[in-house]
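In: Sequence and predicted structure are below.
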2 protein chains.
Amino acid sequence: MPSGGEKNGETCDRSIYVNNPHLESMKEDILYHFNLGTTSHDLQAQFGDVKFVCVGGSPWRMKSFIEYIAGELGLADPKAEYPNICEGTDRYAMYKVGPVLSVSHGMGIPSISIMLHELIKLLYHARCTDVTVVRIGTSGGIGLQPGTVVVTKQSVDSAFLPRFEQVVLGKPVVRSTELDEELAEELLQCGKELPEFQTVIGNTMCTLDFYEGQARLDGAFCSYTEEDKQNYLAEAYAAGVRNIEMESSVFAAMCKLSNLRAAVVCVTLLDRQKGDQMTSSHDVMHSYQQRPQLLVGHYIKKKLNASMKK
Amino acid sequence: MPSGGEKNGETCDRSIYVNNPHLESMKEDILYHFNLGTTSHDLQAQFGDVKFVCVGGSPWRMKSFIEYIAGELGLADPKAEYPNICEGTDRYAMYKVGPVLSVSHGMGIPSISIMLHELIKLLYHARCTDVTVVRIGTSGGIGLQPGTVVVTKQSVDSAFLPRFEQVVLGKPVVRSTELDEELAEELLQCGKELPEFQTVIGNTMCTLDFYEGQARLDGAFCSYTEEDKQNYLAEAYAAGVRNIEMESSVFAAMCKLSNLRAAVVCVTLLDRQKGDQMTSSHDVMHSYQQRPQLLVGHYIKKKLNASMKK
């Protein structure tokens, strides 16, 4: 039951769906984990112009992204401080500059899922249209030079299938994890325009766990051998998997249900076929983590320049 | 394949198990999400005296807990600052005073699971013994006055079964979510000694999602009716469930595998049979969130006093 479509008497190009008939009858909607709400805040005034939402696990990284993109878009005021819009809660952090919103989501499917429920409602209440959402994250690579950026073609589960299982009232419901193909191609092209690092397209495996779920040998528990691990990673590679992370499946599924154009761009911090531990120096890690930001910043700039020329 | 048991030539009362033969052959173990490691830190010197670990979702709450417990144990120096031991990463926050460690874990099973893998290895490398781990958290209640504290008897899944399914190399492995019965009884007794609020014992349902997974009507998606929701919550109540949260099952499973005495103590922020949104004021919410801290603080004080008398 998609809501949205026509709003304020004008037809929107691409509206955001909330698939929930109960929302219409609520007098107030408190977005608890953002510390925002429809009564306490004028969401349309505050967020109505949002066109790009970038999400990532770490609050620091999402703050650094907003500072970076402000500079890239020529919106940076040297004296500007970017206040955390979710002040008063430490569940998530949110920053905004112009049409760009940057939100942290913590680690794992449940954590990003809470954030996305509230983000989708926020964009809906703010009557945003034509919104593109990109997850800029970190991952473990398979058969790639560490530091390679992977644009996700399909997000797959631990059996390499493009599906996300959501439990509703105790029963599993399977959802598609399809992402926007055209957007992935555009992002790959942006990656190719940045010669400082390699960008590839590939499938991304999304797991519920960092250690046993990703065949690591260095967790508190491990019941399998190095050979078992290598066989599993080789199977994943054969299924087109080039990196492993922990949020893409529910991200793809929820964005699809909400009619949001969505993509996943993650840097690989190590090659899992060669090891499990993060042994690179802090500086190297830091520079790797900036790469998805550079790529998506380049994309946003291109898009905004193109729309200004129209 | 439990490791541990005898260490430094003396028999330990209750050692921590790591069920991973690979760890012994690693020259170094980097606890990446804590920004700690066996080469960069003397973990035994820094953490060897830890006897109580309290974990909770929010970094702020875990900082406030360490300040509170320092005062309760008479270890507070008015000038003391409690530095975040995980400085240099924003994945988790960690604080310590005397034998008490306080660690944040974010939201959801994957997030707490990463933290617990690294915590278990930290306690193992530090040669800690006789460690008690308590999750102090927030939850939604069923049929309870908001603000009631629930000590978990059993952590159950969305079908009300005491089990946690872990995916290992793409295949599900079922683990028990049994908690320490004696510890739960002792904590319930501590609750009864604090007349400012109600404490009960009951089953805790652990879900992968806050909205659809907990039968909320106020998410971005909802395909069921108020009646469906009430029926599901009534079934849960009939199965002994008194509260719902998002971390207890993997917490119970991992602590059990590691021979850690474990308990879950969560306050209920609302009665889910009466609503879904968090409408209480900030001050009321804040006072509710302190209750598990007060209860566990009382327990730790009692235990330390008793051990000093021995």
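Out: Here it is on my side, so go on. What you see is a predicted model; the values in this text were computed from it and never measured.

In: how distant is the longest helix along chain A from the center of its chain?
Out: Of all the segments of type helix in chain A, defined by DSSP state H, the longest one is helix A:282-309. Offset of helix A:282-309 from its chain centre (C-alpha atoms, centre = their mean, to the nearest Å): 14 Å.

In: tell me what that helix is packed against?
Out: Helix A:282-309 makes packing contacts with strand A:52-56, helix A:59-72, strand A:132-141, strand A:149-156, helix A:181-192, strand A:261-271 when contacts are defined by 3 or more C-beta pairs under 8 Å, 6 or more residues apart in numbering or on different chains; DSSP states H and E. Yep, even glycine has a C-beta here, placed from its N, CA and C like the rest.

In: orientation of the host helix or strand of A:Leu101 relative to strand A:132-141 in degrees?
Out: Using DSSP states H and E, A:Leu101 sits in strand A:100-104. Orientation check (axes from the mean of the first three to the mean of the last three C-alpha atoms, to 10 degrees): strand A:100-104 against strand A:132-141 gives 40 degrees.

In: what packs against strand A:100-104?
Out: Counting contacts by 3+ C-beta pairs under 8 Å, 6+ apart, strand A:100-104 is packed against strand A:52-56, helix A:59-72, strand A:94-97, helix A:109-125.

In: Adjacent strands (with direction) for that strand?
Out: With DSSP bridges as the test, strand A:100-104 is paired with strand A:52-56 (parallel), strand A:94-97 (antiparallel).

In: Now render the ones you listed as JSON lines, adding mean neighbour count.
Out: Listed next are the strands paired with strand A:100-104 as JSON lines, based on neighbours: other C-beta atoms under 10 Å in any protein chain shown:
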{"stretch": "strand A:52-56", "mean neighbour count": "25"}
{"stretch": "strand A:94-97", "mean neighbour count": "23"}
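
In: In JSON lines: the helices and strands packed on helix A:282-309, plus mean pLDDT.
Out: What follows is the helices and strands packed on helix A:282-309, written out as JSON lines (pLDDT from 0 to 100):
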{"stretch": "strand A:52-56", "mean pLDDT": "98"}
{"stretch": "helix A:59-72", "mean pLDDT": "96"}
{"stretch": "strand A:132-141", "mean pLDDT": "98"}
{"stretch": "strand A:149-156", "mean pLDDT": "98"}
{"stretch": "helix A:181-192", "mean pLDDT": "98"}
{"stretch": "strand A:261-271", "mean pLDDT": "98"}
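
In: between the ones you listed, which gets nearest to B:Lys301?
Out: helix A:59-72 (33.7 Å; C-beta to C-beta).

In: Show me chain A divided up by domain.
Out: As recorded under the TED database, the domains making up chain A are A:23-130, A:137-309.

In: got the end-to-end distance for the shortest one?
Out: The one in question is domain A:23-130. With C-alpha to C-alpha, to the nearest Å applied, domain A:23-130 spans 21 Å between its terminal residues.

In: Using the three-state scheme, assign A:Val200.
Out: Under DSSP: H, G, I helix; E, B strand; the rest coil, A:Val200 falls in the strand class.

In: Could you list which residues are in contact with it?
Out: Contact analysis of A:Val200 by C-beta atoms under 8 Å, 6 or more residues apart in numbering or on different chains lists A:144, A:148-151, A:188, A:191, A:242.

In: State the number of residues packed around the residue lying closest to A:Phe210 once chain neighbours are set aside.
Out: Among residues not flanking A:Phe210 along the chain, B:Ile114 sits closest, at 4.7 Å (C-beta to C-beta, 6 or more residues apart in numbering or on different chains). Residues within reach of B:Ile114, counting by other C-beta atoms under 10 Å in any protein chain shown, total 24.

In: pretty sure B:Ile114 contacts B:Leu31?
Out: No - counting by C-beta atoms under 8 Å, B:Ile114 stays clear of B:Leu31, with 10.1 Å between them.

In: Compute the distance between A:Lys63 and chain B, please.
Out: 10 Å (C-beta to the nearest C-beta, to the nearest Å).

In: Return the residues in contact with the closest residue to A:Thr199 other than its chain neighbours.
Out: Counting by C-beta to C-beta, 6+ apart, A:Gly191 is the residue found nearest to A:Thr199 once chain neighbours are left out, at 2.5 Å. Residues in contact with A:Gly191 (C-beta under 8 Å, 6+ apart) are A:149, A:151, A:197-200, A:295.

In: Need the buried ones from those selected in PyMOL.
Out: Per 16 or more other C-beta atoms under 10 Å in any protein chain shown, the buried members of these correspond to this PyMOL selection:
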select buried, chain A and resi 149+151+197+198+199+200+295
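
In: Show me which of the contacts of A:Gly191 is closest to chain B.
Out: Nearest to chain B out of the contacts of A:Gly191 is A:Val149 (C-beta to the nearest C-beta; 20.1 Å).

In: Let me see the contact set for the closest one.
Out: Per C-beta under 8 Å, 6+ apart, neighbours of A:Val149: A:191, A:197-200, A:265-268, A:291-292, A:295.

In: Report the contact partners of the residue nearest the centre of chain A.
Out: By C-alpha atoms, centre = their mean, chain A has its centre lying nearest to A:Arg135, at 1.9 Å. For A:Arg135, the contacting residues are A:54-56, A:105, A:112, A:247-248, A:251, A:262-266, by C-beta under 8 Å, 6+ apart.

In: Any residues of the stretch 51-200 of chain A in contact with chain B? List them.
Out: A:57-60, A:88, A:90-91, A:106-111, A:113-114, A:116-118, A:120-121, A:124, A:158-160, A:166-170 (C-beta under 8 Å from any C-beta of the partner chain).

In: Quick check: the gap between A:Lys192 and A:Asp13.
Out: 28 Å (C-beta to C-beta, to the nearest Å).

In: Comparing the two, which residue is more hemmed in?
Out: Higher neighbour count among A:Lys192 and A:Asp13: A:Lys192, with 12 against 6, using other C-beta under 10 Å.

In: Just give the closest residue to that one, not the sequence neighbours.
Out: Nearest non-adjacent residue to A:Lys192, counting by C-beta to C-beta, 6+ apart: A:Thr199, 6.4 Å away.

In: Give me the pLDDT for that neighbour.
Out: In the prediction, the pLDDT value recorded for A:Thr199 is 98.

In: ok, now A:Gly5?
Out: pLDDT recorded at A:Gly5 is 42.

In: got it, and the one 4 residues further on?
Out: A:Gly9 carries a pLDDT value of 42.

In: now do A:Lys79
Out: 74.

In: Equivalent analysis for the one 3 residues further on, please.
Out: In this model, A:Tyr82 is scored at 93, pLDDT.

In: Now do A:Leu36 against A:Ser104, distance only.
Out: For A:Leu36, the distance to A:Ser104 - C-beta to C-beta - is 15 Å.

In: same question, A:Gly170
Out: When distance is defined by C-beta to C-beta, A:Gly170 is 30 Å away from A:Ser104.

In: Which one of the two is surrounded by more residues?
Out: Set A:Gly170 next to A:Ser104 and count neighbours by other C-beta under 10 Å: A:Ser104 wins out with 25 against 16.

In: got the contact list for that one?
Out: Taking C-beta under 8 Å, 6+ apart as the test, what A:Ser104 contacts is A:55-59, A:61-62, A:92-94, A:115.

In: Just the buried ones from those?
Out: With burial judged by 16+ other C-beta under 10 Å, the buried subset of the contacts of A:Ser104 is A:55-59, A:61-62, A:92-94, A:115.

In: any chance of those in JSON lines, plus distance to B:Thr204?
Out: JSON lines is the format used below for the buried ones among the contacts of A:Ser104 (distance: C-beta to C-beta, whole Å):
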{"residue": "A:Val55", "distance to B:Thr204": "29"}
{"residue": "A:Gly56", "distance to B:Thr204": "31"}
{"residue": "A:Gly57", "distance to B:Thr204": "26"}
{"residue": "A:Ser58", "distance to B:Thr204": "29"}
{"residue": "A:Pro59", "distance to B:Thr204": "28"}
{"residue": "A:Arg61", "distance to B:Thr204": "33"}
{"residue": "A:Met62", "distance to B:Thr204": "32"}
{"residue": "A:Tyr92", "distance to B:Thr204": "24"}
{"residue": "A:Ala93", "distance to B:Thr204": "28"}
{"residue": "A:Met94", "distance to B:Thr204": "30"}
{"residue": "A:Met115", "distance to B:Thr204": "23"}
